[in-house]
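K.L.:
Show me the folded form of this:
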Amino acid sequence: MSSTGLKEAPSKTRDRITPIQNQSARTIQKFGTVIADLPLGLSEEVRTKMTAELNLMLADTMSMRDLYKKSHWQVSGPTFYQLHLLFDKHHEEQSELVDLLAERIQTLGGVSIAMAPDVAEMTRLERPPRDREEVPVQISRLLQAHKLILENARKLAKMADDRGDDGTNDILVSNVVRTNELQVWFVSEHTVDMPLVRAE
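P.N.:
Numbering: from 1, shown residues only. Below is the predicted model:
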């Protein structure tokens, strides 16, 4: 009996709120597989192929996102302020593409990559040095990465269209291609050699 006269329940509160740590269990889905019989109107074969290709696009996009953040942190010189802001804006836009691509893979019943070692292993983008580079080199590196992503996105969009995967085609054309094209325009304009004060 408690001081209030009520019968106390056995004290298990401490056990219920203690975090359960160091758990392990079997894998619920292997990487490279898709959920069978998912009612999307797309065959398992198509979904397996598309998720594999989308994971490559995801790895490239995650690398592109991080390349923009590296450039954002390390940019210098007279154009520092505008490029610092532009690179961060592009980083955020690439982050949105990362989420779209990962969710599309999961929607198709696949397993999306998520961790940096997997990205480093799978990306087709050239790895930049750890060193700080001059602005023209940073921009050239960004534009080359965009070119590779756009070439692969167009091929993958065509593949998705040929296989009847309209959802993937739409994401690639409406989001990946258009975002990367717009970013190419904004970044490439910084490489045009124009007089700043007096016209030639």
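K.L.:
where does the chain dip in pLDDT?
P.N.:
Within the chain, the segments meeting pLDDT under 70 span 1-15.
K.L.:
ok, which stretches of it are helices?
P.N.:
13-17, 44-74, 80-107, 116-122, 135-162, 166-171, 178-188 (DSSP state H).
K.L.:
number of nearby residues for residue 115?
P.N.:
9 (other CB atoms under 10 Å). For glycine as for every other residue, the C-beta is placed from the backbone atoms N, C-alpha and C.
K.L.:
And the one 5 residues further on, by the same measure?
P.N.:
When neighbours are counted by other CB under 10 Å, residue 120 registers 12.
K.L.:
which residue packs closest to it, ignoring adjacent ones?
P.N.:
Once flanking residues are discounted, residue 120 sits nearest to residue 127: 7.5 Å by CB to CB, 6 or more residues apart in numbering.
K.L.:
got a list of what residue 154 touches?
P.N.:
For residue 154, the contacting residues are 172, 177, by CB atoms under 8 Å, 6 or more residues apart in numbering.
K.L.:
If we use 10 Å, what do you get?
P.N.:
Contact partners of residue 154, counting by CB atoms under 10 Å, 6 or more residues apart in numbering, are 172, 173, 176, 177.
K.L.:
Just flag the most distant two among these.
P.N.:
173 and 176 (7.6 Å; CB to CB).
K.L.:
Overlap of the contact sets of the two?
P.N.:
When contacts are counted by CB under 10 Å, 6+ apart, residue 173 and residue 176 are jointly contacted by 153, 154, 157.
K.L.:
Tell me the one of the residues you listed nearest residue 131?
P.N.:
residue 153 (29.2 Å).
K.L.:
Nearest the geometric middle of this structure, what residue?
P.N.:
residue 98 (2.4 Å; CA atoms, centre = their mean).
K.L.:
Quick check: that residue touching residue 54?
P.N.:
No: using CB atoms under 10 Å, residue 98 makes no contact with residue 54, being 11.5 Å away.
K.L.:
if I look at the two, which residues touch both of them?
P.N.:
Common neighbours of residue 98 and residue 54 (CB under 10 Å, 6+ apart) are 61, 112.
K.L.:
picking up where we left off before, of the helices of the chain, flag the one that's most buried.
P.N.:
Comparing the helices of the chain by mean neighbour count (mean count of other CB atoms under 10 Å), helix 44-74 ranks first with a mean of 20.
K.L.:
Quick check: the gap between the residue nearest to residue 29 when sequence neighbours are not counted and residue 52.
P.N.:
With sequence-adjacent residues excluded and distances taken as CB to CB, 6+ apart, residue 29 is closest to residue 111, at 5.6 Å. Distance, residue 111 to residue 52, by CB to CB, to the nearest Å: 10 Å.
K.L.:
Show me whatever sits in contact with both of the two.
P.N.:
Common contacts of residue 111 and residue 52 (CB under 10 Å, 6+ apart): 31, 32, 34, 105.
K.L.:
my read: the first one touches residue 110, true?
P.N.:
Right, the one you point to is residue 31. Yes: when contacts are counted by CB under 10 Å, residue 31 is listed as touching residue 110 (8.5 Å).
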